[in-house]
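In: just the structure for this:
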Amino acid sequence: PGAAENNRSSDRKSILSRLGPGLGRDGGRHTGMLFPQPELENGQPMDDRVGYQSVLLVDDDEITFEQMEGLPVLRAADEPQIASSLARLGTKAVLVRPDRYVLDSADNSGDMHRLMQGALPSPLG
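Out: As a prediction, the model looks like this:
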């Protein structure tokens, strides 16, 4: 590979790095990670379904929570790609910001309580 190709590789790594401290600074271990764009069971990309707003992705067999009005929830039981993304991360729930970075994650009901306290409505909503 040439020097230009190596440069592009390092540029891509910098784009995909974690976000620094911010709104989710007290969040779970996945805070600041870019969440992949899953394809839903109906073939639609997640972004087409939820639009430009936060979304809660949850393995509802393992964790309990109270739904917040206006916060879309996609359940792993209904969406295989979301189930595999949560399994890959080794977590039971993630709150994904409109820019598709993880604001918080939860491994149990106690974490879920903290996560829901940090769920912010979209300023565009």
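In: which is the next helix or strand following the lowest-mean-pLDDT helix or strand in the chain?
Out: Least confident helix or strand, the chain: helix 3-15 with a mean of 49, by mean pLDDT, DSSP states H and E. Next helix or strand after helix 3-15 toward the C-terminus (DSSP states H and E): helix 46-50.
In: buried ones in that next one?
Out: By neighbour count on 16 or more other Cβ atoms under 10 Å, the buried set for helix 46-50 is 46, 50. C-betas here are computed from N, CA, C, even on glycine.
In: go on, stretch 100-115?
Out: Quick answer for stretch 100-115 (16+ other Cβ under 10 Å): 100-107, 111-112, 115.
In: could you export it as PDB, keeping only the C-alpha atoms?
Out: This file holds the C-alpha atoms of stretch 100-115, laid out as PDB (Å, rounded to 0.1, in the frame of the first residue of the first chain):
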ATOM      1  CA  ARG A 100     -26.200   7.000  16.500                       C
ATOM      2  CA  TYR A 101     -23.600   7.200  19.200                       C
ATOM      3  CA  VAL A 102     -24.400   5.200  22.400                       C
ATOM      4  CA  LEU A 103     -25.500   7.500  25.200                       C
ATOM      5  CA  ASP A 104     -25.700   4.700  27.800                       C
ATOM      6  CA  SER A 105     -26.000   0.900  28.100                       C
ATOM      7  CA  ALA A 106     -27.500  -1.400  30.700                       C
ATOM      8  CA  ASP A 107     -26.600  -4.900  31.900                       C
ATOM      9  CA  ASN A 108     -29.300  -5.200  34.600                       C
ATOM     10  CA  SER A 109     -32.400  -3.500  35.900                       C
ATOM     11  CA  GLY A 110     -30.300  -1.100  38.200                       C
ATOM     12  CA  ASP A 111     -28.300   0.000  35.200                       C
ATOM     13  CA  MET A 112     -31.600   0.400  33.300                       C
ATOM     14  CA  HIS A 113     -32.900   2.800  35.900                       C
ATOM     15  CA  ARG A 114     -29.800   5.000  35.400                       C
ATOM     16  CA  LEU A 115     -30.100   4.800  31.700                       C
END
